[in-house]
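Asks: Structural data only, the sequence is not supplied:
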């Protein structure tokens, strides 16, 4: 594609976006708008989704209900949405990592692919950190890799498979020796670190109090961008390794939904996500800040993310 055609494409896209935004002001869902949540009641995704639905209803006047559609880390919910008529009356809230892992490992068995959806935005990104005990004999990922090569290797706790996959990339590319310990989540990981059974592990925010108390230290950032509370800690990618883990809460609806509906839904979600009430819930539930990539940014995040998951599994 030539530079001239690229510029023309950008201009055409901008014109369509402006036209869609104008029509979005006139669009409203017919009947009830369902915000489906791909996880069970009580978790962070459910909490964030229900408050966003509540705030959207208050801000728009639309009749909105939130409902849980569990199964397969969001696979069941998005399967249903992919088969629905594209009317803009059902949107799904899921977490990207389980969906992308399934697309990479068994995409030929799923009834949907990345093109089965119109993407509406993101609510937040979980800030994944590799942390270590304060007395660990290393302060950087490079030093951690070298330390791991002596003895039986370093014991690292992980609460989700992508965390382990990320460190397996580091091990493949550096010759590091890690002993992986599966935990029930970051709370158990931190308990084992405090007790001396683990030297390092992963956390998505609840470790910050231990950074402040001096019990733990940050080694690296698992995401594709540095964390706002630790701007001097480099990412795993910045340390020279070719992968990352970027867990996003994201929204999508059925592909082929009218552009004015996509624009209106995206706008309503963005206004709710940027409200003070939702910001507080995201801070409490996900220990993070609101972050909306918008419709196109979310789509790009999903497509880039699938390619990254292939790297995590050693397929690229």
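Replies: Great, that's in hand. For clarity, every value in this text was computed on a predicted model and none was experimentally measured.
Asks: okay, CA-based contacts and neighbour counts for the rest of this
Replies: OK.
Asks: Where does the record place the domain boundaries for this protein?
Replies: 30-125+247-312, 129-221 (automatic domain parsing).
Asks: Residue 233 is nearest to which of the ones you listed?
Replies: Among the domains of the chain, domain 129-221 comes nearest to residue 233, with 5.9 Å by CA to CA.
Asks: State the mean pLDDT of the closest one.
Replies: Taken as a whole, domain 129-221 has an average pLDDT of 96.
Asks: give me the number of residues near residue 315?
Replies: By other CA atoms under 10 Å, the residues close to residue 315 number 10.
Asks: actually residue 196, sorry about that
Replies: Other residues within reach of residue 196 by the criterion other CA under 10 Å amount to 11.
Asks: All the strands of the stretch 201-316 of the chain, residue numbers only.
Replies: Secondary structure of the stretch 201-316 of the chain (DSSP state E, counting those that start in this stretch): strands located at 216-221, 248-254.
Asks: In JSON lines: these, plus distance to residue 39 and mean neighbour count.
Replies: Formatted as JSON lines, the strands of the stretch 201-316 of the chain follow (distance: least, CA to CA, whole Å; neighbours: other CA atoms under 10 Å):
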{"stretch": "strand 216-221", "distance to residue 39": "26", "mean neighbour count": "25"}
{"stretch": "strand 248-254", "distance to residue 39": "11", "mean neighbour count": "26"}
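Asks: Mind checking the ones you listed for the one nearest to residue 78?
Replies: Among the strands of the stretch 201-316 of the chain, strand 248-254 comes nearest to residue 78, with 8.5 Å by CA to CA.
Asks: And residue 55, how close does it get to residue 49?
Replies: Distance from residue 55 to residue 49, counting by CA to CA, to the nearest Å: 10 Å.
Asks: Compare the two (neighbour count), which wins?
Replies: Using other CA under 10 Å, the more surrounded residue of residue 55 and residue 49 is residue 49, with 27 against 20.
Asks: The more buried one and residue 270: what is the separation?
Replies: Here the criterion is CA to CA. By it, residue 49 lies 13 Å from residue 270.
Asks: can you map out the strands along the stretch 1-150 of the chain?
Replies: Residue ranges of the strands in the stretch 1-150 of the chain, as given by DSSP E, counting those that start in this stretch, are 33-37, 64-68, 90-95, 117-125, 129-133.
Asks: and the third one, which strands flank it?
Replies: This means strand 90-95. strand 33-37 (parallel), strand 248-254 (antiparallel) (DSSP bridges).
Asks: which one of those lies closest to residue 27?
Replies: Between residue 27 and those, the shortest separation by CA to CA is 12.6 Å, and it involves strand 33-37.
Asks: Excluding sequence neighbours, find me the nearest residue to the residue sitting nearest the centre point of the chain.
Replies: Among the residues of the chain, the one closest to the centroid is residue 248, at 1.6 Å (CA atoms, centre = their mean). Computed as CA to CA, 6 or more residues apart in numbering, the closest residue to residue 248 that is not its neighbour in sequence is residue 125, at 4.4 Å.
Asks: Surely the one you found touches residue 287?
Replies: No - Residue 125 lies out of contact with residue 287 (CA atoms under 8 Å); the separation is 9.6 Å.
Asks: Comparing these two, which residue is more hemmed in?
Replies: In this view residue 125 and residue 287 are compared by other CA under 10 Å, and residue 125 has more residues nearby, 24 against 19.
Asks: what's that one in contact with, if anything?
Replies: Residue 125 is in contact with 246, 247, 248, 249, 288, 289, 290, 291, counting by CA atoms under 8 Å, 6 or more residues apart in numbering.
Asks: What of residue 198?
Replies: Going by CA under 8 Å, 6+ apart, residue 198 touches 155, 156, 157, 189, 192.
Asks: How about residue 53?
Replies: If a contact means CA under 8 Å, 6+ apart, then residue 53 has 35, 64, 65, 66 as its contacts.
Asks: right, and the third one touches residue 32 too?
Replies: Yes - with contacts counted by CA under 8 Å, residue 65 reaches residue 32, the gap being 7.2 Å.
Asks: Between the two, tell me which one has more neighbours.
Replies: Neighbour tally, residue 65 and residue 32, criterion other CA under 10 Å: the higher count belongs to residue 65, 15 against 12.
Asks: Make a markdown table out of the strands of the stretch 201-316 of the chain and add distance to residue 60.
Replies: Putting the strands of the stretch 201-316 of the chain into a markdown table (distance: least, CA to CA, whole Å) gives the following:
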| stretch | distance to residue 60 |
| --- | --- |
| strand 216-221 | 38 |
| strand 248-254 | 18 |
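Asks: Having no further points to raise, I will conclude here.
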